[in-house]
Structure formats: structure tokens, C-alpha cells
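Asker: Predicted model follows, preceded by the sequence.
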There are 2 protein chains.
Amino acid sequence: MRINEHYLTLEESYLFSEIAHRVARYTEAHPEADVIRMGIGDVTLPLCPAVVNALEAAGAEQGKKETFHGYGPEQGYDFLRKAVLEYYRERGISLELADIFIGDGAKSDLGNILDLFHEDNTVLIPDPVYPVYRDTNQMAGRRIQYLNATRENGFLPMPDWNQPADLIYLCSPNNPTGAVYTRDQLEEWVRYANQQGAVLLFDAAYEAFVQDPALPRSIFEIDGAKACAMEFCSLSKTAGFTGMRCGYTVIPGELQRGGVPLQALWLRRQTTKFNGVSYPVQRAAAAVFTPEGMAGCRKNLEVYRQNALLISQTLTDMGLWHVGGVNSPYLWMECPNGMSSWEFFDHLLQGPHIVGTPGSGFGKNGEGFFRLTAFGSPESTREAMARLRESC
Amino acid sequence: MRINEHYLTLEESYLFSEIAHRVARYTEAHPEADVIRMGIGDVTLPLCPAVVNALEAAGAEQGKKETFHGYGPEQGYDFLRKAVLEYYRERGISLELADIFIGDGAKSDLGNILDLFHEDNTVLIPDPVYPVYRDTNQMAGRRIQYLNATRENGFLPMPDWNQPADLIYLCSPNNPTGAVYTRDQLEEWVRYANQQGAVLLFDAAYEAFVQDPALPRSIFEIDGAKACAMEFCSLSKTAGFTGMRCGYTVIPGELQRGGVPLQALWLRRQTTKFNGVSYPVQRAAAAVFTPEGMAGCRKNLEVYRQNALLISQTLTDMGLWHVGGVNSPYLWMECPNGMSSWEFFDHLLQGPHIVGTPGSGFGKNGEGFFRLTAFGSPESTREAMARLRESC
């Protein structure tokens, strides 16, 4: 019996437990401190009424023999897949129903998609990075090459045409930096992926935050992308589904490798190792795409966008370099006065009582940077920014 | 770029599509035929009121800021894990909270657990079999050895002590055969697994159908099992959750391989590639374990049990050899008059208009056998059995 020894090469991530530990130690010593948390990537606003109504109605359906739903299709019900298809169509992107797979969130699909690929592949991953890209590949023993995201390139690394690659991860709007690729930049990535014969894994979990019509919200806005890219989308941030668990993955029929359509491999993977998303959750997700649902989601997104703008404006006023905050719920700032990420963490905790996320937790290029998120309430965000202005 | 070439070795399963095709062709030619479906493994009775109420209440919680739940723990909320712990405790099985992982169903967990193991392992799989055990291992290129389940051993194969094994799959009550291992038999399997240093993957999805107190409902009723076994459980059949998607997997802290607790590896897998089960679904699942929920589920189970008994009684009266039907929702019968599985399928479809599942679809030892399920309505089951008596 041999275990998968690649698991033993994984480093434990102490980032969020270390944050919790430092906050607990501080608040124990200073119980009067009113700590504001701006480190979390979780939403705080509730589901909109159209979604709640759909969820409750589907719950009631499950209680009646005539309307009860048992096993559903592993790739999702057509009522939801068609809604996603239409969501793309409205943005001028033409897909087939077979391209769309409903899943229980981008994290699951991003991890499980790797089943389709050989271990003997070279993977390009940005640094700093959402740790899931790195850990899931390390679990399978793949070679990882990092793309350096730095202040110099605006945390938007571009391809090195001499670098061989089989799998390429891009996330735009980016987690953790909030930086957003332009159309020209994504066009270059698609050309590079096609030249390499690589597969581009495009994480579009934050697409709903893009307001600038010049910025792509989907990789499939780019010519040639259907031959090289798959896209991972989530309702977590778009519709507050972090606790509901529903997303969708798009694999165009054109995308083939080794003569095999990857869509067919993913369907085989999902029908073998997955049994579909909960029926009431799929009904709730479909309600997101109705006019009432979209209006409700936009209202919530607008709250987060206003928070992000306020944070961005405050940092700008204070002369603090940052990216994100526009077209993104994340802000990535340089720590002032040459502080390290953790020094600035302690500084913010002990001074203005703000908790953020040290950039060094997302990779070596994150050192000296710091992430703030816009998912708090308007009141706490305003209060935090007032304190920040006073403290720095 | 290399794909995972093991996927190309998978055979397409034409079982259920071939069934659908033959039924469609027949009903097109005979639109008056009132076909009764006894092939499906899906439940037909709705969720009980306690579960529906919990689901609706959780839906309403998600609509209010004060009670909204975002990201939850990947291994499940403690309210549900504690309910599962208590469900085991009531049966005299003592587990720790850390042993219990909430997932979105046994199919997902059975597939994903293989991430923890090296490809260079020998896997023992019964034949006939739930195809997921075979396909998920074939996707990783593991060596598969089949355990012959036959009429001679009552479709309950026992260990060959000369056969090396690293991973062993057992399912009891069995899908597709309905056969149930005795305590003595499971004791021998546990001794064998411990002697081999193998890991026993015990699928207990149908445990709730066991009524005979002499028959184990969990592998952890067996001494020594905590050192070699993990158990996969589902609310799909227990509580009609096939469309709701919630189950639980038990990995005791004692279970170590290569000096590593497998519990820790699974936690790492789940925190990296999974984001937990939907909050409302977990609330609904917790309601299953309340006194009202348990009473509601028992009521539904009793309907299926009565169906199974009626089918078993009918087959016995007709002198047709079978296993299952007692302590199980499945019945596995020998096809009469030396018919092959597909010959009997056509015979049942064209004569009494009953659709079942050809045993040959579950493996070579299934040839000449046939699966019937007890998940239909009492009315359709009675009607089907009356027709069967007349026809054969």
C-alpha cells in the first residue's frame, strides 16, 4: 500500500490560522478594541429575494411526490445550463449547451479538472496566487513554473515565449491582487497558449465586478480562445453563493488535445465522480439569471463596488500604491515605509484595528504587499478608511 | 501537453442508454403498453416534512443579513457532524468528531478518495459491481483484481489469503445484488485487510435497509476495522436525498498508512479541492437525524421494504432463485430457463411490460442474472408482480 506521496510535499498554509491567532492574542489583551475585518474573501450580504423564493419553492417541491426530483443530470439541469448560455449570449459570446457544466463551485472544478491531464505536464502559475492552483498540481506531482507578478508589470504577468507550457492559469479580475487583464493582454495569452498547444485555465469568478466595457469578462471574448481555453465561473461573488455552492465551467467543443475533445473527458469525469448539484440549489441559481435575480444581485454588487472605490480613493489620497478596487472586489497595496507584509499587518491591527491579509501569504512576490477586500458593510468600510487616514 | 491517457481505456457504459433505447423502441411500436420501471436505483417518495421544513427555514435564513451563511467548513458544519456522531453512538459505535466528513454524496467521496493513494496499488473489486469503483481506479491506471461474486458464494465473495491487495471495495447491503455480509464474514475481511496492510473502502449507502440485528450496518461494528477501514455513507436512500446531494465519510484517526493518518490527507484534499456542502442542504440533512426526521424516513423506508418483500415473495413462489430483497432495496435474480440477461430483459419488456436491469451490465459474473429494485410505488410494484406471476 502506497499513499500519494506528493501530499507530503505540500506545505501547510498557516496564513489564515496565523491571522486568527494574532487577532485573538491582540483582542484578548485589548478587549475594548473594535476590530474591523477586511481580510476575508467571503460575502456578507444575504441572497436576494428572487433567489430565496426560488430556493424555498424548490424545497417545497421536494416535499411532494408529484414534484419531487431525485437524481439529476451530472452536468446540471438544462433549465440552469440554458440560463448560463443566455448569460453568455447577452454578452455576444456564442456557446453550445454541451459546453456548459454546472458544478458545486469553481474550487471543486478547478481541482477536479486536473484528472484530465497527465502528471508529466508543465504548469504556469502566477505568483502571488490563489493557493488552490498550486496545491492541486503539487498533489499530482506536476512541474510548476511561476509567472512573476510584480509592481513593475502591474501584477499582470505576460507570457515568456521561450517558456514551454502545458497548463496555464490566469485569473482576471485577479485574486488576490484585483488586477484585470486588458483585451490586448488576453489576446497575447491566447496566441501563446495556441502556439504552445497548452490549455488555458481561465478563472472568471470575479467577472461580475468588471464595469469597464473595454475589459473582457470572459476569455471567450478573445478570438482563438475556444481552441485553447476553459473557463471557471462561480456564483459565489456574483450572487452571494459562497454558502450555497454553485458555479459553472465552460469547455468548448473545439477544445481538443491528443485528438480528444476535453469536453468529453470532463463529462466522463463528472458522470463517474460527481452526482450533480443539489436540485434546490440549481433552482436558486437559475433565479440569479432572471431579471429580478439580476437586479437583486446588481444591488448587492453595487454595495461592494462602492466599498472598493472608497478604499481605492483613500489609498490614492494617502499616496499608497495599489492595484484593484476598480472592476474588482480586491485591493492590493504596497505596504508603506518599506514594511514587510506581516509588519504592516501588526501595524494595522494595533493602530487602526483593521485586519487585512499579508501579501506574502500568496507567494514570494506578495512580500511587501497587502490585500484588502470590499466585502464588508458600507459602515465598517467607511469607519476603517477614516481610521486608516488618521493612523498612517 | 499530455492528457490522462487512462481515460481512453475506459469503456463507455451503454447499459442505461441501451435500456432506454430498447424501451423507447418498444413503446413506440406499442403505445398502449403500460410499462412499469423497476430498473432505476432512484427513490420516488418525497422528502419528509421535518426535512422540508428545515430546508425552507435555512433558505429563509440565507435571505437575511443576520442569519446569512457564507463559506462553511469544508468538512461540514459541526451541527451535522455531531448528529452523525450521535447516529453512530446510538448503534454502539464510538467515533470522534474529526473522523466525520460531510460530503455531497458517496459517489463523489468514493471517486475523490483515490487522490490519497498511489497509482501503484492493487485494487480488489467485486464482480458484479457498482461501476464507479472500477472506472475511478481505471482512470488512475491502478491494477484491478476482481472478486468473483457468484450464485455459489451467494454473491458474497470472501478473501483469497494468497491474493495481495492494497485497496479493497466492499458494499453491503450490496448494489447491485442486494446481498448482505454477515458479521463473521466482515470479521474475516477485516482480518485480511489488516494482514495485508490494505485499506478497506466500505460502502454503507444501503445500511438503513438492514433490519436483522445480527447483520452489521457499519464496518466499525467489527473489531479491528478502525485500523484498516473507511466508510462511505449516503442520505440518498436513507432519507430520499438523491436530488439533494449529502452524505458522510468516516475515516478513523487510527487509520494510518506510510506513517500518515489518512484522515489528515483527506482533510487536506477536501480543504483544497472542495468547499463544503450547501448550507441549506446541511440543515436539511441534520433534520434527518431528529426524532421527527427519523420517523419520517422510517415511514418511507418501510414502503420500499414492503415492495422488496413482495418482489422476493413473488420470486420465491415462482421458484426463481434470488438474493437480496430482505435488508436491501435490491433483488438479484437468476434469469429463468437459462436466458441471458438481455434475453430476459426483452422477455419482461415484451411480456409483462416490466423494465429491469440486465445483470451483465454490472460485470461478467452478472450474465444470466437480473436486478429489480424496490423503489417504485406500492401500486406499480403490486401490478408488476401480478403480471410477472401470469407471464413466466
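Answerer: Alright, I've got the coordinates.
Asker: ranges for the helices of chain A?
Answerer: Taking DSSP state H to define them, one finds helices in chain A at A:15-29, A:49-61, A:78-89, A:106-112, A:131-138, A:183-196, A:262-273, A:279-288, A:291-317, A:341-350, A:378-391.
Asker: closest one to B:G154 among the ones you listed?
Answerer: Minimum separation from B:G154 across these (Cβ to Cβ) falls at helix A:262-273, 28.7 Å. Every residue, glycine included, has its C-beta placed from N, CA and C.
Asker: Restricting the selection to alpha carbons, write the closest one to PDB.
Answerer: The C-alpha trace of helix A:262-273 is given here as PDB (Å, rounded to 0.1, in the frame of the first residue of the first chain):
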ATOM      1  CA  LEU A 262     -11.700  17.700 -23.400                       C
ATOM      2  CA  GLN A 263     -15.400  18.300 -23.000                       C
ATOM      3  CA  ALA A 264     -16.000  14.500 -23.500                       C
ATOM      4  CA  LEU A 265     -13.300  13.700 -20.900                       C
ATOM      5  CA  TRP A 266     -14.800  16.200 -18.300                       C
ATOM      6  CA  LEU A 267     -18.300  14.700 -18.900                       C
ATOM      7  CA  ARG A 268     -16.800  11.200 -18.200                       C
ATOM      8  CA  ARG A 269     -15.100  12.500 -15.100                       C
ATOM      9  CA  GLN A 270     -18.300  14.200 -13.800                       C
ATOM     10  CA  THR A 271     -20.600  11.300 -14.600                       C
ATOM     11  CA  THR A 272     -18.200   8.900 -12.800                       C
ATOM     12  CA  LYS A 273     -17.100  11.000  -9.700                       C
END
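Asker: that older thread, okay, the helices of chain A in JSON lines with mean neighbour count and mean pLDDT next?
Answerer: Below are the helices of chain A laid out as JSON lines (neighbours: other Cβ atoms under 10 Å in any protein chain shown; pLDDT from 0 to 100):
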{"stretch": "helix A:15-29", "mean neighbour count": "13", "mean pLDDT": "92"}
{"stretch": "helix A:49-61", "mean neighbour count": "22", "mean pLDDT": "98"}
{"stretch": "helix A:78-89", "mean neighbour count": "18", "mean pLDDT": "98"}
{"stretch": "helix A:106-112", "mean neighbour count": "25", "mean pLDDT": "97"}
{"stretch": "helix A:131-138", "mean neighbour count": "21", "mean pLDDT": "95"}
{"stretch": "helix A:183-196", "mean neighbour count": "18", "mean pLDDT": "98"}
{"stretch": "helix A:262-273", "mean neighbour count": "21", "mean pLDDT": "96"}
{"stretch": "helix A:279-288", "mean neighbour count": "27", "mean pLDDT": "98"}
{"stretch": "helix A:291-317", "mean neighbour count": "18", "mean pLDDT": "98"}
{"stretch": "helix A:341-350", "mean neighbour count": "19", "mean pLDDT": "97"}
{"stretch": "helix A:378-391", "mean neighbour count": "16", "mean pLDDT": "95"}
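Asker: TSV please, covering those and showing distance to A:T67.
Answerer: Compiled in TSV, those are given as follows (distance: least, Cβ to Cβ, whole Å):
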stretch	distance to A:T67
helix A:15-29	41
helix A:49-61	4
helix A:78-89	14
helix A:106-112	28
helix A:131-138	37
helix A:183-196	44
helix A:262-273	25
helix A:279-288	10
helix A:291-317	21
helix A:341-350	51
helix A:378-391	40
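Asker: right, so of those helices, which gets closest to B:R298?
Answerer: Using Cβ to Cβ and comparing these, the one that lies nearest B:R298 is helix A:49-61, at 21.4 Å.
Asker: Tell me how many other residues surround the closest residue to A:Y181 other than its chain neighbours.
Answerer: Using Cβ to Cβ, 6 or more residues apart in numbering or on different chains and skipping the chain neighbours, the partner closest in space to A:Y181 is A:S172 (4.3 Å). As a burial measure, the neighbour count of A:S172 was computed by other Cβ atoms under 10 Å in any protein chain shown and equals 29.
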